[in-house]
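**Student:** Make a model of this:
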Amino acid sequence: MGEPTVAAPRGRPRRRRRIGQYAVLTLAAVVVLMPVYVTLAFSLQSGASSLDFPSSLLPFPPELGVFREVLDVSNLGRYMLNSTVVAVAITALQVVTSILAGYAFAYLRFPARGAAFVAFLATLMVPGEVTIVANYDTVVSLGWRDSYPGLIIPFAATAMGTFLLRQAFLAVPQDLRDAARLDGYGHWGFMWGVAVPLARPAIAALSVFSFLMAWNQYLWPLLITDVDDLRTVQIGLKTLATTNVDQLNLVFGGTVIASIPIFVLLVLFQKQLVRGLTSGAVKG
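**Tutor:** Alright, predicted model coming up:
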């Protein structure tokens, strides 16, 4: 007869697996956060200290005056104001147009609706660089060069937003549609009174993405503006980096200032962003 074997405790493999998962997650977090830390560390030092690597990774004592110096030597405040106006306007327009188009593709019946939706989605495959010349000619012909409409109107609608909100509207229960119809709601009343409130997570996710895309634009504002007071923050950072090559702390300080609105937006809408990506975007 063989000797009885002793069963290993069940909790040990599970504990090892959990330790491994935490180790992988910690490594991923370090990889993601390291560029953020390096940028913040370089922005908190004087010009000479920022060139002394690797001691520059430990900004003690921190030099908070770098941020004031960035605003003094550059027009970054004006650039941030322009980016805020452009990003808020583009976000509002994309949300409104996506709600209207998404609702139409979800509920309205019209000839060739499916073909029209496929053609609409096909525009997602077209890179923005392909249409930039046509958009430039249109904006110049309308006299919108060096103006806010020229920066905003070409991005007033997005196929991705329409697709995202169509999927969210299709997830509204049929019973609610029937109840709204019995209560006398037409399409307009049902859309704003029922469908839009239920699609708030998807709308919040679309708003965050639209703002981020508009805030980070570089090529189009560079192409369409020559007046310095109408240029946006990404062009301002490029100018700051070009004119202050030997002062890395100013370049990183400007980057930190320019990232503050994005950081605040992600913190405020973190839950809605995750819910929108994990619900409305996957339901057909």
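
**Student:** Can you name the element that comes right after the helix or strand harbouring A134?
**Tutor:** Element membership of A134, judged by DSSP states H and E, is helix 128-141. Once the chain leaves helix 128-141, the next helix or strand it forms, by DSSP H and E, is helix 148-152.

**Student:** Show me what the helix holding A134 packs onto, helices and strands only.
**Tutor:** Contacts defined by 3 or more Cβ pairs under 8 Å, 6 or more residues apart in numbering; DSSP states H and E place helix 128-141 against helix 219-224. In short, each C-beta sits where N, CA and C put it, glycine included.

**Student:** packing partners for whichever strand or helix holds G254?
**Tutor:** G254 belongs to helix 248-268 when elements are defined using DSSP H and E. Applying 3+ Cβ pairs under 8 Å, 6+ apart, one finds that helix 248-268 makes contact with helix 11-43, helix 65-73, helix 76-107, helix 200-215, helix 233-243.

**Student:** If we use 6 Å, what do you get?
**Tutor:** helix 11-43, helix 65-73, helix 233-243 (3 or more Cβ pairs under 6 Å, 6 or more residues apart in numbering; DSSP states H and E).

**Student:** May I see the buried residues of the shortest one?
**Tutor:** By neighbour count with 16 or more other Cβ atoms under 10 Å, helix 65-73 contains the buried residues V66, F67, E69, V70.

**Student:** try the first one
**Tutor:** For helix 11-43, a neighbour-count test (16+ other Cβ under 10 Å) marks T39, L40, A41, F42, S43 as buried.

**Student:** Adding distance to L265, write those residues out as CSV.
**Tutor:** Output for the buried residues of helix 11-43, formatted as CSV (distance: Cβ to Cβ, whole Å):
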residue, distance to L265
T39, 18
L40, 18
A41, 23
F42, 24
S43, 20
